[in-house]
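A.B. asks: kindly return the folded structure for what I paste below:
(one chain, ligands or ions: 1)
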Amino acid sequence: MPPDPDAVLRRLTDRLAPRERDLHHALWVASTDARPETSAARQRAEEAWLAVLGDPGLFAEVQGALAAAGTGADGRRTRRALEQANLDLLANQIPEGDRAELVALQAKVEHAFSTVRGRVGDRELANNELERVLAEATDTGERRAAWEAGKQVGAAVADDVLALVELRNRVARERGYRDWFAFALAAGDIDEAWLERTLDEVEAATREPFLAAKAALDARQSARFGVAVEDLYPWHYGDLFFQRYDGEGEADLSPLLEGTDTVGLTVATYDGMGLETRHLLERSDLHPRPGKDQHAFCLDLDRAGDIRVLANLAPGEEWLDVLLHEVGHAVYDDHIDRSLPWVLRRPPQPLVTEAVALMLGRLRRDPEFLVDVLGADEAAAKALAGPSREVLRTGQLVFARWCLVVIGFERAMYADPGRDLVGAWWDLVESLQGLRRPEGRTAPDWASKIHLAVAPVYYQSYLLGELLASQLDQAVRDRAGGFVGRPEAGAFLAERVFAPGAIQPWRDLVASATGSPLGPAAFLAGLAA
Ligand SMILES: [Zn+2]
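C.D. replies: Residues are numbered from 1 along each chain as shown. Below you'll find the predicted structure:
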């Protein structure tokens with residue numbers, strides 16, 4: 001008897017859904033109340049969840065059911081759910097011994113990232129203090145010391161990250177893939193040849209505008225620090241990796257944000273699009289306190305309406321961007337059709353929800369937002385329009401070039417971990433970001449970026465998310481004329497992007513919602529404008 005696809009899907013859901021819910025609950029508790037007990041409970045929940053996802057028997061059952069599933073209209077939904085489940089399980093088919101080693105090594109590196117503090121003289125500084133020096137200090141020596149301190153964690157973890165790379169490659173090769181880079185893309189349903197072409201296109205099209213924006217920035221930094229342009233080094237930019245551009249001077253939003261309430265602004269922005277957020281924010285944990293994760297994220301706990309945002313709100317533009325962004329993830333999850341099979345009640349690929357969140361975060365600089373939500377007068381909004389566009393544009397150029405560095409480096413590292421990685425890193429940083437390698441520097445600076453250790457081969461999602469954010473933004477503006485105060489915009493997103501969940505592969509969803517397959521055209525057009 002061939003397996004009954006519906007029965008296999010039910011069995012999979014019965015095993016996986018409770019484990020995922022337990023994990024999400026444990027994760028929420030550990031993030032909002034960090035103690036050894038809550039962290040241990042989180043780890044146990046994660047192991048139980050991984051044990052189901054990594055079960056080779058279940059994987060074989062799903063593959064058998066997929067082969068037996070019909071292609072007719074009746075069986076389509078089941079077939080699609082099994083395809084999605086197949087990818088989720090594939091990504092976790094790691095032999096038990098390897099998995100234990102992987103989890104232990106990853107935990108060790110994570111621990112190092114949360115405990116190693118950069119040393120400046122006899123002082124140890126947290127990353128946000130180092131970032132503050134790079135944002136504010138004008139003394140080159142002080143900046144250089146902060147930058148070097150931020151890289152010290154690299155030397156502490158490099159050997160362990162390399163061991164992780166070797167282990168991941170072994171797992172990937174056992175499954176018949178070239179290396180972990182190829183395996184991770186396949187499990188994420190991203191075609192490697194298409195990705196290469198897209199990255200090449202982005203690189204070629206951003207090169208000139210990036211170099212022009214950087215030349216202007218270099219001139220300003222040179223004047224600010226009293227250093228010749230030829231003597232600018234990586235520590236003369238605003239953050240540890242030159243991945244951000246926050247703008248300055250006339251682009252400053254803070255006079256307009258003075259005395260405003262970030263939560264209220266966010267609710268008003270989504271209200272204007274006809275998207276209700278109060279019930280989501282009620283469940284959320286938005287304000288800083290001791291014993292709480294210092295970052296921000298959105299979590300769909302049960303794929304049945306329990307959706308929460310964690311944030312650490314502070315006044316100012318940065319946290320306004322973060323809250324608009326995280327609430328974007330939340331309204332997405334909230335509108336996914338709950339009559340879909342559990343497996344499909346999620347975005348079809350992380351890059352799609354990332355794109356939505358990025359797009360909605362950009363609204364903080366939308367001229368209509370400045371007037372209708374922030375209450376700026378027309379003259380102030382007009383004065384900010386040009387500088388705002390420039391901040392977003394330069395920020396996108398800087399971030400895109402940085403993404404190309406990380407993606408290119410990971411590809412090279414997984415292809416040949418034994419190569420000269422320090423040289424490979426600086427070749428990419430010099431050619432793509434236009435930064436200068438400090439003379440004689442041999443430290444493994446590549447290893448100081450936490451993603452390489454704990455979120456491997458994920459950076460392409462950020463860059464593809466930026467491309468899709470622009471493409472989706474264009475589609476919304478074509479249909480609704482904009483976002484602010486336009487319920488048509490929210491309705492379009494809810495019906496065409498959110499509700500379908502993963503009923504279609506992400507490529508098809510993008511094409512049907514925006515009218516064309518994902519590509520860099522809208523992103524590049526936005527940079528040219
Ligand atoms: Zn996000």
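A.B. asks: pLDDT score for the spatially closest residue to Phe523 that is not a sequence neighbour?
C.D. replies: Excluding the flanking residues, the one nearest Phe523 by C-beta to C-beta, 6 or more residues apart in numbering is Ser470, at 4.0 Å. In short, each C-beta sits where N, CA and C put it, glycine included. At Ser470, the predicted lDDT confidence score is 97.
A.B. asks: quick one: contacts for Ser470?
C.D. replies: Going by C-beta atoms under 8 Å, 6 or more residues apart in numbering, Ser470 touches Met359, Ala522, Phe523, Ala525, Gly526.
A.B. asks: mind running it again at 10 Å?
C.D. replies: 355, 358-359, 362, 396, 520-527 (C-beta atoms under 10 Å, 6 or more residues apart in numbering).
A.B. asks: any idea how far it lies from Ala212?
C.D. replies: 20 Å (C-beta to C-beta, to the nearest Å).
A.B. asks: and if you look at Glu61?
C.D. replies: 56 Å.
A.B. asks: settle it for me: which of the two has more neighbours?
C.D. replies: Using other C-beta atoms under 10 Å as the criterion, Glu61 and Ala212 rank with Glu61 on top: 19 against 12.
A.B. asks: helix or strand for the more buried one, which one?
C.D. replies: Per DSSP states H and E, Glu61 falls inside helix 56-68.
A.B. asks: please state the offset of the following helix or strand past that helix from the chain centre?
C.D. replies: Using DSSP H and E, the helix or strand that follows helix 56-68 towards the C-terminus is helix 73-90. Averaging C-alpha positions (C-alpha atoms, centre = their mean, to the nearest Å) puts helix 73-90 25 Å from its chain's average.
A.B. asks: check which residues of helix 73-90 are buried.
C.D. replies: Thr78, Arg79, Arg80, Ala81, Leu82, Glu83, Gln84, Ala85, Asn86, Asp88, Leu89, Leu90 (16 or more other C-beta atoms under 10 Å).
A.B. asks: might you report the residue contacts of Ala251?
C.D. replies: Counted by C-beta under 10 Å, 6+ apart, Ala251 has contacts Glu317, Arg365, Leu384, Gly386, Pro387, Ser388, Arg389, Glu390, Val391, Leu392, Thr394.
A.B. asks: kindly apply the preceding question to Glu110 instead.
C.D. replies: Counted by C-beta under 10 Å, 6+ apart, Glu110 has contacts Val157, Ile450, Ala453, Val454.
A.B. asks: which helix or strand contains it?
C.D. replies: helix 96-115.
A.B. asks: and that helix, what's buried?
C.D. replies: Arg99, Glu101, Leu102, Leu105, Gln106, Val109, Ala112, Phe113.
A.B. asks: let's have the buried residues of helix 73-90 in JSON lines, adding distance to Leu130 and pLDDT.
C.D. replies: Converted to JSON lines, those look like this (distance: C-beta to C-beta, whole Å; pLDDT from 0 to 100):
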{"residue": "Thr78", "distance to Leu130": "52", "pLDDT": "93"}
{"residue": "Arg79", "distance to Leu130": "51", "pLDDT": "94"}
{"residue": "Arg80", "distance to Leu130": "47", "pLDDT": "95"}
{"residue": "Ala81", "distance to Leu130": "46", "pLDDT": "96"}
{"residue": "Leu82", "distance to Leu130": "48", "pLDDT": "96"}
{"residue": "Glu83", "distance to Leu130": "45", "pLDDT": "95"}
{"residue": "Gln84", "distance to Leu130": "41", "pLDDT": "95"}
{"residue": "Ala85", "distance to Leu130": "43", "pLDDT": "96"}
{"residue": "Asn86", "distance to Leu130": "43", "pLDDT": "95"}
{"residue": "Asp88", "distance to Leu130": "37", "pLDDT": "93"}
{"residue": "Leu89", "distance to Leu130": "40", "pLDDT": "95"}
{"residue": "Leu90", "distance to Leu130": "39", "pLDDT": "91"}
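A.B. asks: strands of the stretch 201-350 of the chain, start to end?
C.D. replies: Here the stretch 201-350 of the chain has its strands, by DSSP state E, counting those that start in this stretch, at 297-300, 307-310.
A.B. asks: what secondary structure does Glu124 sit in?
C.D. replies: strand (DSSP: H, G, I helix; E, B strand; the rest coil).
A.B. asks: neighbouring contacts of stretch 335-342?
C.D. replies: By C-beta under 10 Å, 6+ apart, the list of residues contacting stretch 335-342 reads 6, 9-10, 12-14, 16-17, 20, 77-78, 80-82, 84-85, 275-276, 300, 302-305, 307, 344-347, 490, 493-495, 497-503.
A.B. asks: among these, name the buried ones.
C.D. replies: Using 16+ other C-beta under 10 Å, the buried ones in those are 6, 9, 12, 16-17, 20, 78, 80-82, 84-85, 275, 300, 302-303, 307, 344-347, 490, 493-494, 497-498, 500-503.
A.B. asks: quick check, pLDDT for Arg132.
C.D. replies: With respect to pLDDT, Arg132 has a value of 88.
A.B. asks: can you name the residues that contact it?
C.D. replies: Leu125, Ala126, Ala146.
A.B. asks: kindly report the same for Ala513.
C.D. replies: 352, 468, 471-472, 475-476, 492-493, 495-498, 500, 504.
A.B. asks: one more pass at 6 Å, please.
C.D. replies: Neighbouring residues of Ala513 by C-beta atoms under 6 Å, 6 or more residues apart in numbering: Arg496, Val497.
A.B. asks: state the pLDDT value of it.
C.D. replies: 97.
A.B. asks: buried ones in the helix or strand Ala193 falls within?
C.D. replies: Using DSSP H and E, Ala193 maps to helix 192-225. In terms of neighbour count (16+ other C-beta under 10 Å), helix 192-225 has its buried residues at 195, 198-199, 202-203, 205-206, 209-210, 213-214, 217-218, 221-222, 225.
A.B. asks: okay, now Ile450: neighbour count?
C.D. replies: Residues near Ile450, counting by other C-beta under 10 Å, number 17.
A.B. asks: whoops, Gly481 was the one
C.D. replies: 13.
A.B. asks: distance of it from Gly515?
C.D. replies: Taken as C-beta to C-beta, the span from Gly481 to Gly515 is 17 Å.
A.B. asks: likewise for Pro2?
C.D. replies: From Pro2 to Gly515 the distance is 39 Å (C-beta to C-beta).
A.B. asks: likewise Arg170?
C.D. replies: Arg170 is 43 Å from Gly515, by C-beta to C-beta.
A.B. asks: do Phe483 as well
C.D. replies: Noted for Phe483: a distance of 18 Å to Gly515, by C-beta to C-beta.
A.B. asks: looking at the two, which is more packed in?
C.D. replies: Higher neighbour count among Phe483 and Gly515: Phe483, with 24 against 11, using other C-beta under 10 Å.
A.B. asks: which phi and psi values does the more buried one adopt?
C.D. replies: phi -120, psi -50 (degrees, to the nearest 10).
A.B. asks: where does the residue nearest to it when sequence neighbours are not counted land in three-state SS?
C.D. replies: Using C-beta to C-beta, 6+ apart and skipping the chain neighbours, the partner closest in space to Phe483 is Ala489 (4.7 Å). Of the three states, Ala489 takes helix according to three-state DSSP.
A.B. asks: pull the number of nearby residues for Trp235.
C.D. replies: 23.
A.B. asks: the nearest residue to Arg419 once chain neighbours are set aside: which element?
C.D. replies: Computed as C-beta to C-beta, 6+ apart, the closest residue to Arg419 that is not its neighbour in sequence is Ala412, at 7.0 Å. Assigned by DSSP H and E, Ala412 belongs to helix 378-415.
A.B. asks: what packs against that helix?
C.D. replies: For helix 378-415, the packing partners by 3 or more C-beta pairs under 6 Å, 6 or more residues apart in numbering; DSSP states H and E come out as helix 180-187, helix 192-225, helix 367-372, helix 421-433, helix 459-480.
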